[in-house]
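Novice: following is a predicted model, sequence given first.
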Amino acid sequence: MSTNPLTTPRILIAPDKFKGSLTAAQVADSLAAGLLQENPLAQVHTLPLADGGDGSVAAALGAGFQALTIPITGPTGEPTTTTVAFDGTTAVVEVATTAGLQMLPAGRLAPQESNSVGFGQAIRAVLAHRPAQIVLALGGSATTDGGAGMLAALGVVFTDRAGQAFVPTGATLGQIAEVELTDLVALDGVELIAANDVTNPLLGRHGAAAVYGPQKGATPDDVEALEAGLGCLLRRLWEAGWPAEEAAGVPGAGAAGGLGWAAMLLGARMVSGADFFLDLLDFHDHAAGCDLVITGEGKLDTQTLSGKLPLVVTRRANPVPVIAVVGHNALDTDRLPAHGIEKVYALSTMTDQDSATDACLSAALLRQTGQHIARALTLASHTTHTADAL
């Protein structure tokens, strides 16, 4: 704890989104409003974060990146638009807002009919702005097309046995007879970063179709067909001269329905999404000199403990005390000292209603939580350890 009195604490609020309810920026702003309502003297700064999944573009925009609106084709063929974040050097392009579940019309799952062409179109469009680096945020995919749609949008030509060119979907990967790479867009001088938080390979029982296909609506028969289609795509890309077999087993190849694998074939470097975005958004500089860091996410569970964003924030904030504010705490403990989290506040303990999909309720509960944290800090102004107050 610094020598500043706890009645005028310096606090950084750096959460992930509350999925289905609030963006990371809305979470941070709601907590800040509660803190400042209770203690107007507090020095509160917000830094909305992301881990490479949906919300990555929003986090970059919140950190000062500019928004580029790009027309694309949605995952099932409908014309739509997406937003890319760009700061003149680095662009952030999201699967979630190009080929993601949230882009499906009326939310109707389409495991076989969907593809990633919109993601590729967004990448191609941002290349016109001459970025030095493109961050591919791989979370939230609606499709299991192995990145074939993305590759088609970037100039790869897929033809069937009749010699007709087509853009594959999950269902038509097995129809690919030949792949032509001569019209692939030039990526020389552009660093591709694939940000994701999974380690699955492309194929097999731990692969893209088997593990994540059911989450996208795939039946057991669909999973079998998608697995066969991915195998066909792999063989055709290998025949075209790409190291498709070697890349298929690399951890992260199965991310976003195989987009991780396709991105690596394009030369992308696979990174931990949470760590990368903390660096991209200058977390270290924001946390320097703070008395307290508040982080959080929609649900705290065993996956969090495997290294999701709140744990990365806690590790990177050390020795600054960290507390977590979450929608629901499935771990049934209000402290995680072994992981560096001094206190956990869960919104689900404050109401009998379901706040997971109620943005207004979540925001109100976050403001109340911010007030509680501020009161606790004020009451502990006689101590030198923030955690004792919380």
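Specialist: Arrived safely, thanks for sending. Residues are numbered from 1 along each chain as shown.
Novice: count the neighbours of Pro337 for me.
Specialist: Look at Pro337: counted by other Cβ atoms under 10 Å, it has 10 neighbours. Heads up, the C-betas are built off the backbone N, CA and C, glycines and all.
Novice: need the pLDDT of Gln353.
Specialist: Gln353 carries a pLDDT value of 82.
Novice: how about it, nearest residue that isn't a chain neighbour?
Specialist: The shortest distance from Gln353 to any non-neighbouring residue, by Cβ to Cβ, 6 or more residues apart in numbering, is to Leu361 (6.0 Å).
Novice: and for Leu136?
Specialist: Ala194 (4.8 Å).
Novice: ok, that neighbour - contacts?
Specialist: When contacts are counted by Cβ atoms under 8 Å, 6 or more residues apart in numbering, Ala194 touches Leu136, Leu138, Gly252, Ala255, Gly260, Ala263, Met264, Ala268, Arg269, Met270, Val271.
Novice: ok, it to Ser141 distance?
Specialist: To Ser141, Ala194 is 13 Å away according to Cβ to Cβ, to the nearest Å.
Novice: does Glu78 touch Arg108 like I think?
Specialist: No - using Cβ atoms under 8 Å, Glu78 is not in contact with Arg108, being 11.4 Å away.
Novice: between those two, which one's more packed in?
Specialist: Using other Cβ under 10 Å, the more surrounded residue of Glu78 and Arg108 is Glu78, with 12 against 9.
Novice: ok, now which ones touch the more buried one?
Specialist: Glu78 is in contact with Pro105, counting by Cβ under 8 Å, 6+ apart.
Novice: quick check: end-to-end length of stretch 338-349?
Specialist: Stretch 338-349 has an end-to-end distance of 23 Å (Cα to Cα, to the nearest Å).
Novice: secondary structure class for the residue nearest the centre of the chain?
Specialist: Centroid check for the chain by Cα atoms, centre = their mean gives Gly53 as the closest residue, at 1.2 Å. Of the three states, Gly53 takes coil under DSSP: H, G, I helix; E, B strand; the rest coil.
Novice: got a pLDDT number for it?
Specialist: 87.
Novice: residues in contact with it?
Specialist: Ala96, Ala137, Leu138, Gly139, Gly140, Asn196, Asp197, Gly273.
Novice: all the strands of the stretch 101-250 of the chain, residue numbers only.
Specialist: Using DSSP state E, counting those that start in this stretch, the strands found in the stretch 101-250 of the chain span residues 133-137, 157-159, 165-166, 178-180, 191-196.
Novice: check which residues of the first one are buried.
Specialist: For strand 133-137, the buried set under the neighbour-count rule, 16 or more other Cβ atoms under 10 Å, comprises Ile134, Val135, Leu136, Ala137.
Novice: what do you get for the fourth one?
Specialist: Along strand 178-180, the positions that meet the burial threshold by neighbour count (16+ other Cβ under 10 Å) are Val179.
Novice: what packs against that strand?
Specialist: strand 157-159, helix 220-239 (3 or more Cβ pairs under 8 Å, 6 or more residues apart in numbering; DSSP states H and E).
Novice: quick one: average confidence on it?
Specialist: Strand 178-180 shows a mean pLDDT of 98.
Novice: distance between it and the chain's centre?
Specialist: Relative to its parent chain, strand 178-180 has a centroid offset of 32 Å by Cα atoms, centre = their mean, to the nearest Å.
Novice: what pairs with it, parallel or antiparallel?
Specialist: Here strand 178-180 has these sheet partners by DSSP bridges: strand 157-159 (antiparallel).
Novice: what about the partner strand, average pLDDT?
Specialist: 98.
Novice: starting at the chain centroid, how far to that strand?
Specialist: So, by Cα atoms, centre = their mean, the centroid of strand 157-159 is 30 Å from its chain's centroid.
Novice: and the contacts of it?
Specialist: By Cβ under 8 Å, 6+ apart, strand 157-159 touches 148, 152, 165-168, 176-180, 183, 236.
Novice: apply 6 Å and report the result again.
Specialist: Ala165, Pro168, Ile176, Ala177, Glu178, Val179, Glu180 (Cβ atoms under 6 Å, 6 or more residues apart in numbering).
Novice: so which of the residues you listed comes closest to Gly231?
Specialist: Ile176 (10.9 Å; Cβ to Cβ).
Novice: can you report how many residues lie near the closest one?
Specialist: Ile176 sits with 20 neighbouring residues when counted by other Cβ under 10 Å.
Novice: with the one 5 residues further on instead?
Specialist: Applying other Cβ under 10 Å, we find 13 residues neighbouring Leu181.
Novice: I'd assumed Glu239 was in contact with it.
Specialist: No - assessed by Cβ atoms under 6 Å, Leu181 is found out of contact with Glu239, at 10.8 Å.
Novice: on that earlier part again, from Val167, how far off is the residue nearest to the centre of the chain?
Specialist: Gly53 sits 25 Å away from Val167, going by Cβ to Cβ.
Novice: equivalent analysis for Leu280, please.
Specialist: Leu280 is 31 Å from Val167, by Cβ to Cβ.
Novice: next: Tyr345.
Specialist: Going from Tyr345 to Val167 by Cβ to Cβ gives 47 Å.
Novice: the two: who's more crowded?
Specialist: Remark: of Tyr345 and Val167, Tyr345 carries more neighbours, 23 against 20, as counted by other Cβ under 10 Å.
Novice: residue contacts, the closest residue in space to the more buried one that isn't next to it in sequence?
Specialist: Using Cβ to Cβ, 6+ apart and skipping the chain neighbours, the partner closest in space to Tyr345 is Val325 (4.7 Å). Contact partners of Val325, counting by Cβ under 6 Å, 6+ apart, are Gly296, Tyr345, Thr369.
Novice: now the helices for the protein?
Specialist: 24-38, 56-62, 96-99, 117-127, 148-153, 220-239, 244-248, 259-265, 273-280, 283-287, 302-305, 309-317, 359-379, 386-389 (DSSP state H).
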